[in-house]
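Colleague: Coordinates for the following, if possible.
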Amino acid sequence: MKLHELRPTEGATKKRKRVGRGLAAGGGKTAGRGTKGQNSRTGGGVHPYFEGGQLPLVRRLPHLRGFKNYARVEFEVVNVGALEEMFEAGAEVSPDSLVAAGLLKSSSAPVKVLGDGELTRALTVKANRFSATARAKITAAGGSVVEV
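Modeller: Residues are numbered from 1 along each chain as shown. Just a heads-up that it's a prediction; the model follows:
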């Protein structure tokens, strides 16, 4: 088979109907637009927003208030309780090791450690941010906190 021999399968394509080409052609006179009225004219019809004079849906709904902060930084969060389960005593916890342990999806986003759960092992935790309770629990367990 060669490129010039390629053809669509039988019945896959259909010739377009050429309307307004006389009565014998099948789509003559009004060309499938009906008789008279707004939609029979060139450029006729209403815009999608128009609902026949009824107050349009987008005007009936309440406005979205406030604003979206374009500079917002989304942190990946990890709790100290999860660190307790996944890491041995004396281990160094970094964003890459958290991804390897399956606690994070990727190490590209900044990481914040939160204080939910208990921590009994001394760990060296490296992250972008720490909550006050997480910092207190890690240092109380004999570990250290390193802000990256």
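
Colleague: can you pull out the strands in this protein?
Modeller: For the chain, the strands defined by DSSP state E cover 76-79, 92-93, 111-114, 124-127, 129-130, 144-147.

Colleague: In TSV: the ones you listed, plus distance to A25 and mean neighbour count.
Modeller: Using the backbone N, CA and C atoms, a C-beta is placed for each residue, glycine as well. Below are the strands of the chain laid out as TSV (distance: least, Cβ to Cβ, whole Å; neighbours: other Cβ atoms under 10 Å):
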stretch	distance to A25	mean neighbour count
strand 76-79	65	20
strand 92-93	77	18
strand 111-114	69	21
strand 124-127	74	21
strand 129-130	72	18
strand 144-147	77	13
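
Colleague: For those, give me CSV that also has mean pLDDT and distance to I138.
Modeller: Output for those, formatted as CSV (pLDDT from 0 to 100; distance: least, Cβ to Cβ, whole Å):
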stretch, mean pLDDT, distance to I138
strand 76-79, 95, 12
strand 92-93, 94, 9
strand 111-114, 96, 8
strand 124-127, 96, 6
strand 129-130, 96, 8
strand 144-147, 95, 5
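
Colleague: Correct me if wrong: G117 contacts V78.
Modeller: No. Taking contacts as Cβ atoms under 8 Å, G117 lies outside contact range of V78: 10.2 Å.

Colleague: what about A141, how many neighbours?
Modeller: By the measure other Cβ atoms under 10 Å, the count of residues near A141 is 17.

Colleague: let me redo that: S108
Modeller: By other Cβ under 10 Å, 9 other residues sit near S108.

Colleague: any idea how far it is from R72?
Modeller: Counting by Cβ to Cβ, to the nearest Å, the gap from S108 to R72 is 16 Å.

Colleague: so who does the closest residue to T139 other than its chain neighbours touch?
Modeller: Nearest non-adjacent residue to T139, counting by Cβ to Cβ, 6 or more residues apart in numbering: V145, 6.5 Å away. Contacts were defined as Cβ atoms under 8 Å, 6 or more residues apart in numbering; by that measure V145 touches 125, 130, 135, 138-139.

Colleague: what would the residues you listed look like in TSV with distance to K68?
Modeller: Output for the contacts of V145, formatted as TSV (distance: Cβ to Cβ, whole Å):
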residue	distance to K68
V125	32
F130	27
R135	30
I138	34
T139	37
